[in-house]
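# Have a look; sequence and predicted model below, questions after that.
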Amino acid sequence: MADSTNLLIVAAILVAAILIAVLAVTLWRNAPGRRRQQLQAKFGPEYDMAVQQYGAARAQRVLEARQRRVSKLPLRSLSPSECANFAQSWHRRQEQFVDTPSSAVSGAHELVQRVMLAKGYPVEDFEQSVADLSVEYGAIVGHYRAANELEQTNRSGKINTEELRQAMVHYRALFDELLGPADPSDAPPPPSARIREARPEEQRPIHH
């Protein structure tokens, strides 16, 4: 009886070991597929671009290296007041576009870089900036490439008004994404409100 019990225990252990081994092999085989899906979801169109440029296997290593690099950058969120100030600067660029579109596009390029610096992204090397941005903004970083290409044409003086407009559209897409939603409650009060705060006597009723 004892021998039969021991045999059953040994058999159960062997079956469990086989099941564990099969499960481990299955997980090992499926791991690359899951990792690929995660990278595709995170990088969006940038994943496909990397595959076209490097091939599937190397593209995965390149994108993972980008993630490691960006994880070490001193990135931070912008405060609502910073967002409000940057938004005002963008509004001025839009107004400037009416009279001097070329200068407005150059100003938009500079403004986007200022926002990137404020968030903690290096801007010295354009290709590296694109790679860094692709980790968190893979779905729209293509706008930065397109805008930069048009800005290079703008600097050469060989650009038309429609291309300048397109550059502004591309810069705006990235600009809005970098700023994110701002909390209007933290924005500075309008001038009229500041005047009332500074001069409470103006709030007093007027006696005739």
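That came through, no problem.
# May I ask you to confirm that His147 is in contact with His109?
Quick fix: residue 147 reads Ala, not His. Yes - counting by Cβ atoms under 8 Å, Ala147 touches His109, with 7.0 Å between them. For every residue, glycine as well, the C-beta is placed using N, CA and C.
# any shared contact partners between the two?
Shared contacts of Ala147 and His109 (Cβ atoms under 8 Å, 6 or more residues apart in numbering): Tyr171.
# what about Pro74, which SS state?
For Pro74, the assignment made with DSSP: H, G, I helix; E, B strand; the rest coil gives coil.
# rewinding a little: which of Ala147 and His109 has more neighbours?
Between Ala147 and His109, Ala147 has the larger neighbour count (other Cβ atoms under 10 Å), namely 25 against 21.
# for that one, what are its contacts?
108-109, 112, 167, 170-171, 174.
# For PyMOL, write a command that selects the buried ones of the residues you listed.
Remark: buried members of the contacts of Ala147, expressed as a PyMOL selection using 16 or more other Cβ atoms under 10 Å:
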select buried, resi 108+109+112+167+170+171+174
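# what would the contacts of Ala147 look like in TSV with pLDDT?
Below are those laid out as TSV (pLDDT from 0 to 100):
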residue	pLDDT
Ala108	97
His109	97
Val112	97
Ala167	97
His170	97
Tyr171	97
Leu174	96
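# Please flag which of the contacts of Ala147 sit within helices.
108-109, 112, 167, 170-171, 174 (DSSP state H).
# Show me the domain layout of this protein.
2-71, 80-186 (automatic domain parsing).
# Could you single out the most deeply buried of those?
Between the domains of the chain, domain 80-186 has the highest mean count of neighbours, a mean of 17, where neighbours are mean count of other Cβ atoms under 10 Å.
# Could the C-alpha coordinates of stretch 81-94 be exported in CSV?
What follows is stretch 81-94 as a C-alpha-only set of coordinates in CSV (Å, rounded to 0.1, in the frame of the first residue of the first chain):
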residue,chain,number,x,y,z
SER,A,81,1.2,78.9,-14.8
GLU,A,82,4.0,77.7,-17.1
CYS,A,83,1.4,76.3,-19.5
ALA,A,84,-0.5,79.5,-19.4
ASN,A,85,2.6,81.5,-20.2
PHE,A,86,3.6,79.2,-23.0
ALA,A,87,0.1,79.3,-24.4
GLN,A,88,0.2,83.1,-24.5
SER,A,89,3.5,82.9,-26.4
TRP,A,90,1.9,80.6,-28.9
HIS,A,91,-1.0,83.0,-29.4
ARG,A,92,1.5,85.7,-30.2
ARG,A,93,3.1,83.5,-32.8
GLN,A,94,-0.3,82.9,-34.4
